[in-house]
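1. sequence first, predicted model second:
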Amino acid sequence: MPTITDLPDELLDEITHLLPKGTLFSLCTVSNRFQPRATRWLYRSLALAGNGDTIKICKALISNKIAAISVRKVLLWPGLAFSRLSLTGGPFYLYLSAFYKLLSRALACAINVENIRLMFPYCGASLSFDACAFSNLHSFATTMEPHTLASFVRRHPQLQELHISPSDIRSITLSEFSGISLSSLNSVCLPQSLLFIISPDAPLRSVLSPEIEDDNEEIPHFIRQLSRYSTTLTELHLCRPHWNAEVLMHVATLLPKIKSFTFTRMAPGLHDPANIAFLEACEVVLPFFSSLSQFRIEVARNRELSGFTFVSDYRCDFTMVQMWGNKCPTLSICAFPCAYTSRSSMLMIGIS
């Protein structure tokens, strides 16, 4: 009587692809025929928390070649356990240093990885990328500044997505990035001081800015540099704690062809007059956009408004679409925080 082991290899691969990780882990111990297929999908996408399981996975990648070459995506998000002040000694620093060395060795073995996300809170020790080179890597993001970050980026000119948003931009030595020109980038999150590494010929389509303050000229400079890609850029997300009307006008006049514009701001309060002033400023600049289809207002995360962190916390305001559609015919979506009263509603209920 035929058994599952009589199935062709292609069908077995499809079956293992659909199994949960717990089942894949058990399947690795069944037989020599199942072990490589289960391993291939067990290590395909790794979400690491920096705990004991992460250390086991790192050791497996170092010792098991099939596991290492199967990795395509790595997300490292240790959380608040790693959030400490900068340290230069002590048990915690020594643990971090040892952990980063192990992680670096493990990543160096994952030669087929395509997507890496290193979402670290600020801490003292750093991760070294000296031994890491990935021919298939197309997406890389980090919130920390690993040692040799510039040389890592230089070794991967094929990158299509690059997000670098350290907690302190001063921790990055800009001179080390001199001469880097990435011509394949289509999505970036870079501070204004690093935009020069994007080649003028890059097919840049999406930009997410780090948080930008109001008390300098960084916003105009940031947008002016992006205007070099006005023919290809379609998505822009500005993250900043406050706002002024000039920012919106800079975007509308220098990047008139963007289709999706998201603006993260620190709302002072639901019924604050600044909300109406902000929406009126939006209304003024709308005619300058020629292709805008989606306009989204997000609330910056803080203690007072910490609830707006999920997609479900936002809604499409069809009243605003109807009102603003007269000024910008291409507009089809206006998304606001659920508790954020629309301009028309504010005018009807008055400002308290």
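-> Yep, it's here. Numbers count the residues shown, from 1 in each chain.

2. only C-alpha atoms from now on, for both contacts and neighbour counts.
-> Fine.

3. distance of Ile223 from Gly179?
-> To Gly179, Ile223 is 22 Å away according to CA to CA, to the nearest Å.

4. so which of the two has more stuff around it?
-> Taking other CA atoms under 10 Å, Ile223 and Gly179 do not tie; Ile223 has more neighbours (19 against 10).

5. would that one count as being in a helix?
-> Yes - per DSSP: H, G, I helix; E, B strand; the rest coil, Ile223 lies within a helix segment.

6. Leu190: how many residues sit nearby?
-> For Leu190, the neighbour count with other CA under 10 Å is 21.

7. mind listing what the closest residue to it other than its chain neighbours touches?
-> Leaving aside its sequence neighbours, Leu190 sits nearest to Ile164 (CA to CA, 6 or more residues apart in numbering; 5.4 Å). By CA atoms under 8 Å, 6 or more residues apart in numbering, the contact set of Ile164 is 141-144, 189-191.

8. run the last query once more with 10 Å
-> Contact analysis of Ile164 by CA atoms under 10 Å, 6 or more residues apart in numbering lists 118, 140-145, 149, 188-191, 194, 209-210.

9. lowest pLDDT pick from the residues you listed?
-> Lowest pLDDT of the contacts of Ile164: Glu145, 64.

10. ok, Val153 - how many residues close by?
-> 20.

11. do the same with Ser227
-> By the other CA under 10 Å criterion, the neighbourhood of Ser227 contains 18 residues.

12. that one belongs to a strand?
-> No - in this structure, Ser227 is helix, not part of a strand, as judged by three-state DSSP.

13. quick check, it in contact with Leu236.
-> No - the pair Ser227 / Leu236 is not scored as a contact, 11.5 Å apart, by CA atoms under 10 Å.

14. what is in contact with those two at once?
-> 251, 255.

15. show me the helices in the stretch 201-350 of the chain, by range?
-> 218-226, 245-254, 273-285, 318-325, 343-349 (DSSP state H, counting those that start in this stretch).

16. I'd like those helices as TSV, with distance to Leu94 and mean pLDDT appended.
-> TSV is the format used below for those (distance: least, CA to CA, whole Å; pLDDT from 0 to 100):
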stretch	distance to Leu94	mean pLDDT
helix 218-226	38	84
helix 245-254	45	84
helix 273-285	48	78
helix 318-325	55	85
helix 343-349	54	44
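
17. now the ones you listed in TSV, with distance to Ala38?
-> Below are these laid out as TSV (distance: least, CA to CA, whole Å):
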stretch	distance to Ala38
helix 218-226	45
helix 245-254	49
helix 273-285	53
helix 318-325	48
helix 343-349	55
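
18. relative to Ser135, which of those helices is closest?
-> helix 218-226 (28.0 Å; CA to CA).

19. check which helices and strands that closest one sits against.
-> Where contact means 3 or more CA pairs under 10 Å, 6 or more residues apart in numbering; DSSP states H and E, helix 218-226 is packed against strand 206-211, strand 235-239, helix 245-254.

20. and it, how far out from the chain middle?
-> 20 Å (CA atoms, centre = their mean, to the nearest Å).

21. which among the contacts of Ile164 gets closest to Ile172?
-> Glu145 (6.7 Å).

22. just how off-centre is stretch 290-303 within its chain?
-> So, by CA atoms, centre = their mean, the centroid of stretch 290-303 is 16 Å from its chain's centroid.

23. buried sites along that stretch?
-> For stretch 290-303, the neighbour count (16 or more other CA atoms under 10 Å) marks 290-300 as buried.

24. could I get those residues as CSV with distance to Cys28 and pLDDT?
-> Shown next, in CSV, are the buried residues of stretch 290-303 (distance: CA to CA, whole Å; pLDDT from 0 to 100):
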residue, distance to Cys28, pLDDT
Ser290, 56, 91
Ser291, 52, 93
Leu292, 51, 94
Ser293, 49, 94
Gln294, 47, 93
Phe295, 48, 90
Arg296, 46, 88
Ile297, 48, 81
Glu298, 45, 78
Val299, 46, 71
Ala300, 45, 62
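
25. just the ones of those residues in strands?
-> Assignment to strands by DSSP state E places the following of those there: 294-299.

26. show me the strands in the stretch 51-200 of the chain, by range?
-> Secondary structure of the stretch 51-200 of the chain (DSSP state E, counting those that start in this stretch): strands at 73-76, 115-118, 139-142, 161-164, 187-189.
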